[in-house]
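Engineer: structure, please.
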Amino acid sequence: MTRDDTLAGVQSRTVDTDRLETHFLESGAESDTTDGTVVFVHGNVSSSRFFEDTMADLPDRYRAIAPDLRGYGDSETKPVDATNGLGDFEADLHALFDELDVEDPLTLVGWSNGGGAAMRYTIDNPEAVDSLVLINPLSPHGFGGTKDEDGTPCFDDYAGSGGGLGNDEFVAGLAERERSEGGESSPRKVLRTFYVDPTHEFDEDREESYLTGMLDTATGDENYPGNAIPSEKWPGVAPGDTGVNNAISPKYCSLAEITDIDPGEKPPVLWIRGDSDQIVSNESFFDVGTLGQMGEVPGWPGEDVFPPQPMVDQTRAVLEEYANAGGEYEEIVFRNTGHTPHLEVPGEFMAELEGALE
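Structural biologist: Numbering: from 1, shown residues only. Modelled structure (predicted):
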C-alpha cells in the first residue's frame, strides 16, 4: 500500500522484508549521493505521518526514511511479542534496512516509544549508529511501575504497568476510527490536549493527517494496548505477554544497558524534550502513579509505595552514566512545548537536528 497525499518532496513506498510488509516514507538524496541517512522512528499510537513535515523540510542532501512500525500506519499488522521488550520493532527495522540497502552508519531519530526502539537498536548495533537523537523518549526503565531514578519496581509483578491500563474509551475510538472530538478521551481530543502544549494548535489539514496516523493503530491484545493478568497488588493488573504496552513495561523493557556499549562505539546522544510534555514526564498523566496521587484511581497505596514514575529524571540519570562511561550527550529543552517538539517548534527542532547531522 502507498499513499498519494504526501507532502511535496516526500514519497510513499511499501516493501516486503523477511519479517513483514513495511510501509515507509522517504525523501532526499539517492543512496550513492547522500551526505548520510536519517531514520525517523515514530511513537505509540502514531505513524510515519508525524515525521512527514520534518522530512519535507530536511535538506535534500540527506536520505530520510520513516517506517511505519508493525501494527501502525500502512504497515502489516503482526503480533508484538512483549517478552522481547522492543525486540520485534528493532528486528523489523534491521530487516527494512537490509531490504533497502541502507549503508552504515546512520542517524537514528526516535520519538517517544520510537526513542525506546532506537535505543534498543543502538544497544545491539552500536557500530551502525553514527548519532542518536531522542525526542521525549520512553524512559530507559520502561513505562509505569517504577519509583526512583534507578528504575526500582514498585511491585515484584510490575503491577501498574502494561496493557491492562489502556483507556477503554480511547482504545474504542481508535478501533472505530472515530474522527469527531467526542469525549475527553477521544483520539482527536487526546491529540489536541496531550500531544502538544495548550499554547500550540495544529494546522487544520495537518491535524487530519496526524489523526489518521493515530487511527491507523491496530488494537487488541496482540497490539495496542496488549493483554493483562490480574494482580493482588494495586491497581489490580500486571503486564501480560503480548502487545505494545507490555513490551514497554519494565517487566520486559530494559534500555539502561545502553551505558554498557564500548566507549569507542558509543554514538553521541542528543536528547530533545518539551518542558510541558504530559505523556513522558516526572508526573505523566498516562502513569497510574500520577493518577492515583490525583485521586483518579482509587486505592492508591501512597507516595512511598507507588509514586509517579520520574521518567525524565530516569533518562537523565542513565545518560549521565552513559557520559561517565565514555559517551557524550546533550539535553535540549524547548519551553512551552509538549510531546511533539518536531511539530510544535519545527524551526528550532530542525536547527538542533541539522547540528547533530553535521
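Engineer: did I read that right, Ile65 in a strand?
Structural biologist: Yes. With DSSP: H, G, I helix; E, B strand; the rest coil as the criterion, Ile65 is located in a strand.
Engineer: that one contacts Val102, correct?
Structural biologist: Yes. Counting by CB atoms under 8 Å, Ile65 does reach Val102; the two are 7.2 Å apart. For every residue, glycine as well, the C-beta is placed using N, CA and C.
Engineer: quote the end-to-end distance of stretch 255-270.
Structural biologist: Stretch 255-270 has its terminal residues 16 Å apart, counting by CA to CA, to the nearest Å.
Engineer: on that earlier part again, find the residues that touch each one of Ile65 and Val102.
Structural biologist: Counting by CB atoms under 8 Å, 6 or more residues apart in numbering, the common neighbours of Ile65 and Val102 are Thr37, Val39, Leu96.
Engineer: just put these in TSV and tack on neighbour count, pLDDT and distance to Tyr252.
Structural biologist: Output for the shared contacts of Ile65 and Val102, formatted as TSV (neighbours: other CB atoms under 10 Å; pLDDT from 0 to 100; distance: CB to CB, whole Å):
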residue	neighbour count	pLDDT	distance to Tyr252
Thr37	23	95	29
Val39	25	98	23
Leu96	22	98	23
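Engineer: mind listing the helices for the stretch 1-150 of the chain?
Structural biologist: Under the criterion DSSP state H, counting those that start in this stretch, the stretch 1-150 of the chain contains helices at 52-57, 87-100, 113-124.
Engineer: most tightly packed of these?
Structural biologist: helix 113-124 (a mean of 26; mean count of other CB atoms under 10 Å).
Engineer: okay, Ile65 and Val102: which has more neighbours?
Structural biologist: Higher neighbour count among Ile65 and Val102: Ile65, with 24 against 17, using other CB atoms under 10 Å.
Engineer: ok, now which ones touch the spatially most central residue of the chain?
Structural biologist: Here the mean C-alpha position of the chain is nearest to the C-alpha of Asn113 (CA atoms, centre = their mean), at a distance of 2.0 Å. By CB under 8 Å, 6+ apart, the residues touching Asn113 are Gly43, Asn44, Leu86, Leu138, Val244, Ile248.
Engineer: check Asp35 too.
Structural biologist: Contacts for Asp35 (CB under 8 Å, 6+ apart) come out as Ala29, Arg61, Tyr62, Leu357.
Engineer: how does it look with 6 Å?
Structural biologist: Contact analysis of Asp35 by CB atoms under 6 Å, 6 or more residues apart in numbering lists Arg61, Tyr62.
Engineer: could you report the pLDDT at it?
Structural biologist: Model confidence at Asp35, given as pLDDT, is 81.
Engineer: over to Glu358?
Structural biologist: pLDDT, Glu358: 85.
Engineer: out of the helices of the stretch 1-150 of the chain, which gets nearest to Gly299?
Structural biologist: For Gly299, the closest of the helices of the stretch 1-150 of the chain is helix 113-124, at 28.1 Å, according to CB to CB.
Engineer: Throw the shared contacts of Ile65 and Val102 into JSON lines and include distance to Asp157, thanks.
Structural biologist: Listed next are the shared contacts of Ile65 and Val102 as JSON lines, based on distance: CB to CB, whole Å:
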{"residue": "Thr37", "distance to Asp157": "41"}
{"residue": "Val39", "distance to Asp157": "35"}
{"residue": "Leu96", "distance to Asp157": "35"}
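Engineer: among the residues you listed, which one lies nearest to Gln278?
Structural biologist: Among the shared contacts of Ile65 and Val102, and counting by CB to CB, the member closest to Gln278 is Val39, at 26.7 Å.
Engineer: wait, the closest one sits on Pro67?
Structural biologist: No. Val39 lies out of contact with Pro67 (CB atoms under 6 Å); the separation is 7.6 Å.
Engineer: sorry, back to before: export the helices of the stretch 1-150 of the chain to CSV and append columns for distance to Val269.
Structural biologist: What follows is the helices of the stretch 1-150 of the chain, written out as CSV (distance: least, CB to CB, whole Å):
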stretch, distance to Val269
helix 52-57, 19
helix 87-100, 17
helix 113-124, 9
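Engineer: and those helices: which comes nearest Arg19?
Structural biologist: Nearest to Arg19 among the helices of the stretch 1-150 of the chain is helix 87-100; the distance by CB to CB comes to 4.4 Å.
Engineer: what's that closest one packed up against?
Structural biologist: Under the contact definition 3 or more CB pairs under 6 Å, 6 or more residues apart in numbering; DSSP states H and E, helix 87-100 sits against helix 113-124.
Engineer: from memory Trp234 sits against Val305, does it?
Structural biologist: No. With contact defined as CB under 6 Å, Trp234 and Val305 do not form a contacting pair (7.7 Å).
Engineer: who has more neighbours, those two?
Structural biologist: Legend: neighbour count by other CB under 10 Å for Trp234 and Val305, higher for Trp234 (21 against 15).
Engineer: could you find the closest non-adjacent residue to Val288?
Structural biologist: In space, and not counting its chain neighbours, Val288 is closest to Gly160: 4.9 Å by CB to CB, 6 or more residues apart in numbering.
Engineer: quick one: that neighbour is in a helix?
Structural biologist: No. Gly160: not assigned to a helix; according to three-state DSSP it is coil.
Engineer: this structure: strands as residue ranges?
Structural biologist: Along the chain, the segments classed as strands by DSSP state E run 10-16, 21-28, 37-41, 63-67, 106-111, 129-135, 219-220, 224-225, 228-230, 237-239, 269-274, 329-334.
Engineer: tell me which other helices or strands the first one touches.
Structural biologist: In this structure, strand 10-16 makes packing contacts with strand 21-28, helix 52-57, judged by 3+ CB pairs under 6 Å, 6+ apart.
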